[in-house]
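# Here is a sequence together with a model predicted from it:
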Amino acid sequence: MGDATAGMRHMDCLIYEYRPLRLYVNLTSRCTNECTFCGRTAHHFRLGEFDLRLSREHPAAAYLAALQRRLAAGRDPIEVVFCGYGEPTLRIEELLEIARWATTQGLPVRLNTNGQAELIHHTDIISRLVGCIDRVNVSLNAPDAASYVRVSCPAAGDEAWPWVVEFLRRAVRHLPDAWASVVGAVLSPEEVSAARELAAHCGTRLLVR
């Protein structure tokens with residue numbers, strides 16, 4: 001969207017409206033996974049009309065300015081979503097600053113994440129999300145560690161899986177709404193079924209994308 005990138009030297013797309021009235025915040029092009037199904041892995045950062053590749057990482061103030069311009073343009077949005085072709089929690093301080101601001105505007109906030117935030121930062125992240133994140137979609141991507149490594153190719157290897165599952169469990173317990181998701185095209189029907197059972201064991205539902 002033009003107003004989101006106006007004035008940025010490299011015309012980076014900081015926020016975009018992929019679905020009507022949902023403002024997506026594109027915080028980073030970095031990720032701790034190289035998922036087999038992800039356009040980022042193939043160096044293809046386009047999503048419809050939007051080029052989500054960032055030439056550099058921008059401060060929270062730049063995102064707040066872009067969001068404020070969008071709000072001033074009218075047609076009240078229904079949600080702010082942290083989602084791009086990178087892992088938003090890699091920039092946890094900026095994420096929290098933007099999320100807190102959105103909350104003061106009365107906007108619900110959703111986080112799409114690979115669930116590795118506490119592995120990345122080696123600290124409790126869930127408690128910091130309480131009060132400013134309303135909904136969390138954890139990309140489970142698999143029903144077990146071996147499948148996760150095959151599909152998501154995490155930089156941490158086998159170590160990543162238990163962190164993802166525990167993040168999902170704790171998100172379900174402490175945040176208003178949290179669920180798991182998988183990409184059905186890269187899993188067998190049996191793996192999707194097992195992932196659904198795991199999500200249920202964590203106390204939530206599974207979205208098949």
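It's in.

# longest single helix anywhere in this structure?
For the chain, the longest helix by residue count, based on DSSP state H, is helix 160-174.

# Could you pull out the buried residues of that helix?
Using 16 or more other CB atoms under 10 Å as the test for burial, helix 160-174 gives Ala160, Trp161, Trp163, Val164, Val165, Phe167, Leu168, Arg169, Arg170, Ala171, Val172. Heads up, the C-betas are built off the backbone N, CA and C, glycines and all.

# what's near enough to touch Thr32?
Neighbouring residues of Thr32 by CB atoms under 8 Å, 6 or more residues apart in numbering: Glu87, Leu90, Asn114, Gln116, Leu119, Ile120, Pro154, Ala155, Ala156, Ala160.

# just Gly203 next, same as before
Listed by CB under 8 Å, 6+ apart, the contact partners of Gly203 are Arg169, Val172, Arg173.

# From what I see, the first one and Cys202 are in contact.
Put plainly, it is Arg169. Yes: counting by CB atoms under 8 Å, Cys202 is a contact partner of Arg169 at 4.8 Å.

# thinking again about what came up before, take the contacts of Thr32 and write them to CSV, including distance to Val183.
Listed next are the contacts of Thr32 as CSV, based on distance: CB to CB, whole Å:
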residue, distance to Val183
Glu87, 16
Leu90, 21
Asn114, 12
Gln116, 17
Leu119, 21
Ile120, 22
Pro154, 15
Ala155, 19
Ala156, 20
Ala160, 17
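
# That's all I had, so thanks and see you.
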